[in-house]
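**Q** Curious how this folds, go ahead:
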Amino acid sequence: MDEKKSLNLKVETVTSQLTNLYNAISPDDSDEIKRLSKYLDWQSTKNKLYIAEKQPLAIPQKIAKSTLSSWEYNQASEVLRNYYYLDERNPKDSLRYIKKSGNIPDKHLRLILDKLVLTPRAVVWVEFGFNIGNEFGGRHPAVIIKNFKGTYYVLPLSTKRKEDKLAIGHQIQIDAVYGFSKGLKRYIDVTRLMPISHHRIDLASSIGSVNRATFTEIKQGLLKSLN
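**A** The predicted model follows:
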């Protein structure tokens with residue numbers, strides 16, 4: 001059997017399996033209807049991720065901030081000087097740089113993304129996928145812990161607090177995420193550290209951050225969970 005025929009057989013098998021799943025559901029079983037609907041949504045998302053993986057990463061212009069601190073500017077000043085200028089109205093002890101009008105080329109947007117946006121402490125929206133059993137799944141914000149050669153290690157955020165004793169020992173309350181809705185408490189389970197591709201990150205949605213003290217608490221919780 002040649003490769004195309006083998007592939008065609010797999011397509012027929014998957015199509016048949018999905019049809020059987022759909023036909024097996026009772027119209028009155030609302031829980032199973034919701035579960036299958038989420039599963040099909042994830043299949044659709046996976047198809048989009050599969051296609052996107054072969055394409056250049058689409059980076060929206062909005063990831064380039066309108067103003068930069070001097071520390072941010074100095075992370076890539078050789079490139080940023082083409083797109084930002086010094087705000088001379090600010091005092092010298094709090095220098096800031098203002099973005100010039102016009103779009104930034106993709107290759108330099110990628111540099112900004114890596115150096116200034118998808119960095120430790122950043123909070124981004126991530127497609128974690130369909131969960132089986134107690135696995136974590138769905139679309140959730142997550143804190144970036146580390147960027148290791150293009151693989152991002154993240155901890156998901158949840159608005160639900162776990163009450164069992166084992167979970168409480170690994171759970172950290174996040175009182176504020178800058179750039180996200182105010183007044184909404186979130187929680188991190190430090191045992192849920194996972195690696196993801198940048199393709200799972202929704203760059204078109206809000207990107208926020210946690211403060212340094214909170215991030216230090218998260219890292220300490222991670223180290224404690226490994227002992």
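
**Q** Give me the distance from the helix or strand harbouring residue 97 to the chain's centre.
**A** Following DSSP states H and E, the helix or strand that holds residue 97 is strand 96-99. Centroid displacement of strand 96-99 relative to its chain, using CA atoms, centre = their mean, to the nearest Å, is 26 Å.

**Q** repeat for stretch 90-102
**A** Counting by CA atoms, centre = their mean, stretch 90-102 is centred 29 Å from the centre of its parent chain.

**Q** what residues does that stretch touch?
**A** 64-70, 72-73, 80, 83-87 (CB atoms under 8 Å, 6 or more residues apart in numbering). Heads up, the C-betas are built off the backbone N, CA and C, glycines and all.

**Q** Helices - which of those land there?
**A** With DSSP state H as the criterion, helices contain 70, 72-73, 80 from among these.

**Q** Filter these down to the buried ones and hand me the PyMOL line.
**A** Filtering the ones in helices among the contacts of stretch 90-102 down to the buried ones (16 or more other CB atoms under 10 Å) takes a single PyMOL command:
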select buried, resi 72+73+80
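
**Q** how about JSON lines for the ones in helices among the contacts of stretch 90-102, with distance to residue 138 and pLDDT added?
**A** Shown next, in JSON lines, are the ones in helices among the contacts of stretch 90-102 (distance: CB to CB, whole Å; pLDDT from 0 to 100):
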{"residue": "70", "distance to residue 138": "39", "pLDDT": "91"}
{"residue": "72", "distance to residue 138": "32", "pLDDT": "92"}
{"residue": "73", "distance to residue 138": "37", "pLDDT": "93"}
{"residue": "80", "distance to residue 138": "36", "pLDDT": "95"}
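
**Q** Which parts of the protein are helices?
**A** Counting by DSSP H, the helices of the chain are 3-24, 30-53, 70-74, 77-80, 106-112, 165-168, 212-225.
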